[in-house]
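> here is my input, please return the structure:
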Amino acid sequence: MALVLHSSANKNAYKALIVAEYTGAKVELAKDFQMGVTNKTPEFLKMNPIGKIPVLETPDGPLFESNAIARYVARLTPDCPLYGSSLIDYGLIEQWIDFSASEIDVHIGGWLYPRTGFRLYLPPVEEAVIANLKRGLGALNTYLASHTYLVGEGVTLADIIMVCNLGYGFKNILTKSFTSEFPHVERYFWTLINQPNFKKVWGNLEQAESVPPVASKKPAQPKEAAKPKPKEEPKKEAKKEVAKPKEVEEEEAPKPKAKNPLDLLPPSTMILDDWKRLYSNTKSNFREVAIKGFWDMFDPEGYSLWFCDYKYNDENNVSFVTMNKVGGFLQRMDLCRKYAFGKMLIIGSEPPFKVKGLWLFRGKEIPQFVLDECYDMELYEWTKVDINDEAQKERVCQMIEDAEPFEGEALLDAKCFK
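Below is the predicted model:
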């Protein structure tokens with residue numbers, strides 16, 4: 001008889017289900033489980049008083065916490081290969097399970113949940129979370145440079161838990177531009193997620209194309225307005241109570257995104273991807289090929305060019321801190337990758353360093369959702385480029401091609417957003 005796993009289909013439930021695929025144990029998801037309803041019933045709360053999922057119903061009693069459930073299912077099979085073949089294997093597997101929870105999973109959630117409305121969004125906190133996640137992924141990337149699996153020469157419980165945690169991130173917030181910094185992690189993840197036992201549970205996973213925008217606070221207002229009507233419409237009020245418990249689920253998929261207003265603009269003769277491809281593929285005669293191609297493509301009716309100048313250059317006294325500051329800005333601009341191209345220059349041979357940029361945006365103004373969602377925007381002075389001014393047009397050319405010296409000074413670094 002199969003063990004019943006009380007949960008919706010999510011990465012925490014997938015851990016035990018993938019283990020079962022490897023060991024042959026019989027585990028199945030509870031039928032008709034409804035998050036926010038089932039997990040609030042007296043029967044469920046007897047199994048887990050907190051109401052979180054998943055919960056595994058065993059002959060000896062209920063078990064909750066996803067990693068504990070995965071361990072239990074693995075140990076149902078004597079001499080389970082998922083726990084290695086020696087005491088040191090066992091220790092290393094436990095090490096990587098703990099690492100996955102404390103250095104990867106917690107920071108993916110810490111980045112995603114505030115953006116999807118399940119926690120308070122604070123930009124400085126997000127910046128720290130992203131830095132911590134990069135530190136964890138960097139350590140994992142270094143290790144995987146010389147290892148195919150986390151422990152030994154085959155899949156273990158550590159790999160299953162690590163890949164499930166990474167899978168949630170890859171699916172919802174870890175874009176290709178973010179994960180490309182960690183090529184060995186990418187190779188490891190895509191190799192394992194496409195193994196038959198993983199794929200049977202996860203299906204075909206597609207990587208997130210953009211970082212979710214910060215959830216608007218406005219949708220919550222109608223709910224507040226409806227509160228004075230509990231006596232007249234008790235059923236509607238009850239439905240709202242049902243929706244709130246979603247916060248206790250260990251993870252939730254982001255809600256479907258509304259169509260971006262920029263997609264509703266009249267078609268443009270400029271194809272942004274064609275320009276990005278030309279920029280990336282031009283290796284010589286850059287001015288004659290790429291720059292000329294840019295002006296041939298540029299459509300002033302469909303796109304606009306903007307200079308930006310950092311307002312607080314006198315604070316840029318440490319080179320790597322300044323470069324990280326710009327890198328963080330570009331990371332947070334990922335939400336508009338489909339609609340923008342940018343160049344950021346860090347100028348000067350000694351501090352304080354100047355930060356200047358050039359941006360190409362879809363539309364005649366800076367997109368409102370970028371101004372609303374990316375707090376870095378207010379740290380810069382923005383000036384629209386007058387393409388009829390030859391001096392400004394030449395400055396655009398120099399910024400695109402990383403001309404040095406730029407305005408009489410050396411370039412410390414140049415970063416491209418494309």
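> what's the closest non-adjacent residue to residue 121?
With CB to CB, 6 or more residues apart in numbering as the criterion, residue 121 has its nearest non-adjacent residue at 4.0 Å, and that residue is residue 114. C-betas here are computed from N, CA, C, even on glycine.
> the protein: strands as residue ranges?
For the chain, the strands defined by DSSP state E cover 3-6, 27-29, 55-58, 61-64, 303-310, 340-347, 354-362, 380-384, 411-417.
> redo those strands as TSV? Include distance to residue 103 and mean pLDDT.
Rendered in TSV, the data for those read as follows (distance: least, CB to CB, whole Å; pLDDT from 0 to 100):
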stretch	distance to residue 103	mean pLDDT
strand 3-6	26	94
strand 27-29	28	94
strand 55-58	26	94
strand 61-64	23	95
strand 303-310	32	96
strand 340-347	29	96
strand 354-362	31	96
strand 380-384	33	96
strand 411-417	26	93
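> mind checking the ones you listed for the one nearest to residue 265?
Residue 265 sits nearest to strand 354-362 of all the strands of the chain, at 6.7 Å, using CB to CB.
> the closest one pairs with which strands, parallel or anti?
Its sheet considered, strand 354-362 pairs with strand 303-310 (antiparallel), strand 340-347 (antiparallel) by DSSP bridges.
> which of these sits closest to residue 47?
Comparing the strands paired with strand 354-362 under CB to CB, the one sitting nearest is strand 340-347, at 48.9 Å.
> report the angle between that closest one and strand 380-384.
Using axes from the mean of the first three to the mean of the last three CA atoms, to 10 degrees, the interaxial angle of strand 340-347 with respect to strand 380-384 works out to 120 degrees.
> could you give me the buried positions within strand 340-347?
Across strand 340-347, burial judged by 16 or more other CB atoms under 10 Å covers 340-347.
> now distance to residue 157 too, for those, in TSV please.
Conversion of those to TSV gives the following (distance: CB to CB, whole Å):
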residue	distance to residue 157
340	42
341	44
342	43
343	46
344	43
345	48
346	45
347	51
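> tell me where the longest helix sits in this structure.
The residue-count maximum for a helix in the chain (DSSP state H) belongs to helix 123-144.
> does anything pack onto that one? Which helices or strands?
Contact analysis of helix 123-144 by 3 or more CB pairs under 8 Å, 6 or more residues apart in numbering; DSSP states H and E lists helix 106-115, helix 183-193, helix 319-332 as its packing neighbours.
> if you average pLDDT over it, what comes out?
Averaging pLDDT along helix 123-144 yields 93.
> so which bits of that helix are buried?
Within helix 123-144, the residues that count as buried by 16+ other CB under 10 Å are 126-127, 129-130, 132-134, 136-137, 140-141, 144.
> let me know the closest of these to residue 153.
Proximity of the buried residues of helix 123-144 to residue 153 was ranked by CB to CB; the top entry is residue 144 with 13.9 Å.
> ok, the closest one - contacts?
Contact partners of residue 144, counting by CB atoms under 8 Å, 6 or more residues apart in numbering, are 184-185, 187-188.
> which secondary element of this structure has the worst mean pLDDT?
The helix or strand with the lowest mean pLDDT-type score in the chain, counting by mean pLDDT, DSSP states H and E, is helix 221-226 (a mean of 45).
> kindly reformat the strands paired with strand 354-362 as JSON lines containing distance to residue 292.
As requested, those are exported to JSON lines (distance: least, CB to CB, whole Å):
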{"stretch": "strand 303-310", "distance to residue 292": "16"}
{"stretch": "strand 340-347", "distance to residue 292": "16"}
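> tell me, how many residues neighbour residue 146?
Burial of residue 146, expressed as a neighbour count using other CB atoms under 10 Å, amounts to 7.
> ugh, wrong one, residue 196
With other CB under 10 Å as criterion, residue 196 counts 7.
> distance between the ends of stretch 51-68?
This stretch, stretch 51-68, spans 16 Å end to end (CA to CA, to the nearest Å).
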